[in-house]
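[1] Everything below, folded, please.
(one chain, ligands or ions: 1)
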Amino acid sequence: SERVAIMTSGGDSAGMNPAIKCATDYAIANGMEPYLVYDGLRGLIDDKIKKAEPEDVSGILHRGGTVLRSSRSKRFFDYDMRAVAYKNLKDKGIGKLVVIGGDGSFNALNQFHADFDIPFAGVPATIDNDIPGTDYCLGVDTALNVILNSVDSIRDTATSFSRAFVIEVMGRHCGYLAMVSSLACGAEICLVPEIDYDLDQMGERMRLEKENGRTYLIAIVAEGVKMGDYLTRWIGDTLKMDARLTVLGHTQRGGSPTVRDRIMAYHFATNAIDSLQRGETSRIMTYQDGVYGTTSVREVAEGKAVMGEKLLKLCSPLCR
Ligand code: F6P
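    Alright, predicted model coming up:
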């Protein structure tokens, strides 16, 4: 039977474990022999590859991160290292790969496919939700819920103390987490790379709100705008409010995957195995406009993640 190796690569995210489990179980159910690669691309080179037993993936569905561990490997850029990785797979009779990760990982696997003709299927997973061609990446919903819980907690102290809180959220260059959490948490201010902001207008809006009795405020800023410190000082100086900055950082990457991330993992992982069994060689699983599908690595590499028009519109008033 066909041997397929399953791996995680790049930044970890919640939902990777359900995807690993599901791809493994579904591969077995469909007559394939699954293998597991530990440590991501680095593990391909260092031969951390073993045959998957059902117990390897039992009891992991509810855990954040990835039991296969992950890495961002520079060595994989080197052809000679990829040749080592290829030999490791070939020695075990493995001819296909499922890679759960982000666009960087898909590009790496695409190069690997071009070199050695090893087909792969990509499962989009990153809290940043910045992979072109899909509306959803595994880990986003869990990260949003972590942010929501943190902001709700901060709101308790903000209201008790008449303070302003600036909360910096992750997303690399993408403002998706900041926009959605601003709406879900009722933030007064939201700064993201996708929308031009106007501090003067914002100052005026907040001054009026203060006059009308506002005693505290919550601002959510995407890390990509690099405005956390500045905005905190600006609020203190301009609005004369006691302001504090909270950088949520890597808390956002952890936590037990939410229902949404588990179910999306089932869809993406089974679709990835199906794609390989159809004989496709380099497709990335997608969920777009409510429909599951696949796209090419090239579209992922050359495209740009688009934020929904409606989302941008709803958030615009929070940027000025
Ligand atoms: O891509 C996921 C992410 O968490 C980004 O949101 C963030 O900018 C980056 O990774 C942090 O990278 P590292 O974990 O290497 O500090």
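[2] which ones are touching the residue of the stretch 151-300 of the chain found nearest the ligand?
    Closest residue of the stretch 151-300 of the chain to the ligand, C-beta to the nearest ligand atom: Met170 (3.3 Å). Just so you know, the C-beta spots here come from the backbone N, C-alpha and C atoms, and that holds for glycine as well. Residues in contact with Met170 (C-beta atoms under 8 Å, 6 or more residues apart in numbering) are Ile127, Asp128, Ala143, Leu177, Glu223, Leu248, Gly249, Gln252, Arg253.
[3] Write the ChimeraX selection for whichever of those are buried.
    Listed next is the ChimeraX selection for buried residues among these, using 16 or more other C-beta atoms under 10 Å:
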select :127,128,143,177,223,248,252,253
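[4] restrict the contacts of Met170 to contacts with the ligand.
    Near the ligand, taking C-beta under 6 Å from any ligand atom as the test, the members of these found are Ile127, Asp128, Glu223, Arg253.
[5] got those residues as CSV, with pLDDT columns?
    Conversion of the ones next to the ligand among the contacts of Met170 to CSV gives the following (pLDDT from 0 to 100):
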residue, pLDDT
Ile127, 97
Asp128, 97
Glu223, 98
Arg253, 97
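[6] Filter those residues down to just the ones in strands.
    With DSSP state E as the criterion, strands contain none of those.
[7] Tell me where this protein has helices.
    16-29, 40-45, 79-91, 103-116, 140-161, 176-185, 199-211, 228-239, 259-277, 297-302, 309-315 (DSSP state H).
[8] Can you lay out those helices as JSON lines showing mean pLDDT?
    Conversion of the helices of the chain to JSON lines gives the following (pLDDT from 0 to 100):
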{"stretch": "helix 16-29", "mean pLDDT": "98"}
{"stretch": "helix 40-45", "mean pLDDT": "96"}
{"stretch": "helix 79-91", "mean pLDDT": "98"}
{"stretch": "helix 103-116", "mean pLDDT": "95"}
{"stretch": "helix 140-161", "mean pLDDT": "95"}
{"stretch": "helix 176-185", "mean pLDDT": "98"}
{"stretch": "helix 199-211", "mean pLDDT": "96"}
{"stretch": "helix 228-239", "mean pLDDT": "97"}
{"stretch": "helix 259-277", "mean pLDDT": "98"}
{"stretch": "helix 297-302", "mean pLDDT": "92"}
{"stretch": "helix 309-315", "mean pLDDT": "97"}
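[9] Of those, which stretch is the most buried?
    helix 40-45 (a mean of 26; mean count of other C-beta atoms under 10 Å).
[10] contacting residues around that helix?
    By C-beta under 8 Å, 6+ apart, helix 40-45 touches 7-10, 37, 48-49, 68-73, 75-76, 81-82, 84-85, 88-89, 101, 105, 108.
[11] Stretch 82-93 too?
    Outside stretch 82-93, the residues touching it (C-beta under 8 Å, 6+ apart) are 3, 5, 35, 41, 44-45, 47, 49, 51, 76, 95, 97, 111-112, 115-116, 118.
[12] can we see that at 7 Å?
    Contact partners of stretch 82-93, identified using C-beta atoms under 7 Å, 6 or more residues apart in numbering, comprise Arg3, Ala5, Tyr35, Leu44, Ile45, Asp47, Ile49, Phe76, Phe112, Asp115, Phe116, Ile118.
[13] With only the CA atoms kept, save that stretch in PDB.
    Only the C-alpha atoms of stretch 82-93 are listed here, as PDB (Å, rounded to 0.1, in the frame of the first residue of the first chain):
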ATOM      1  CA  ARG A  82      16.800  18.100   0.400                       C
ATOM      2  CA  ALA A  83      18.600  15.200  -1.300                       C
ATOM      3  CA  VAL A  84      19.200  13.700   2.200                       C
ATOM      4  CA  ALA A  85      15.600  14.200   3.100                       C
ATOM      5  CA  TYR A  86      14.600  12.500  -0.200                       C
ATOM      6  CA  LYS A  87      16.800   9.500   0.600                       C
ATOM      7  CA  ASN A  88      15.300   9.200   4.100                       C
ATOM      8  CA  LEU A  89      11.800   9.000   2.600                       C
ATOM      9  CA  LYS A  90      12.800   6.700  -0.300                       C
ATOM     10  CA  ASP A  91      14.600   4.200   2.100                       C
ATOM     11  CA  LYS A  92      11.200   3.800   3.800                       C
ATOM     12  CA  GLY A  93       9.200   3.600   0.700                       C
END
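[14] returning to that earlier point: will you turn the contacts of Met170 into TSV that also has distance to Arg207?
    Converted to TSV, the contacts of Met170 look like this (distance: C-beta to C-beta, whole Å):
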residue	distance to Arg207
Ile127	35
Asp128	34
Ala143	33
Leu177	28
Glu223	27
Leu248	28
Gly249	31
Gln252	32
Arg253	37
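[15] If we ignore the residues flanking it in sequence, what's nearest the residue of the stretch 1-150 of the chain found nearest the ligand?
    At 3.6 Å from the ligand, Gly11 is the closest residue in the stretch 1-150 of the chain, using C-beta to the nearest ligand atom. Leaving aside its chain neighbours, Gly11 sits nearest to Thr126 (5.9 Å; criterion: C-beta to C-beta, 6 or more residues apart in numbering).
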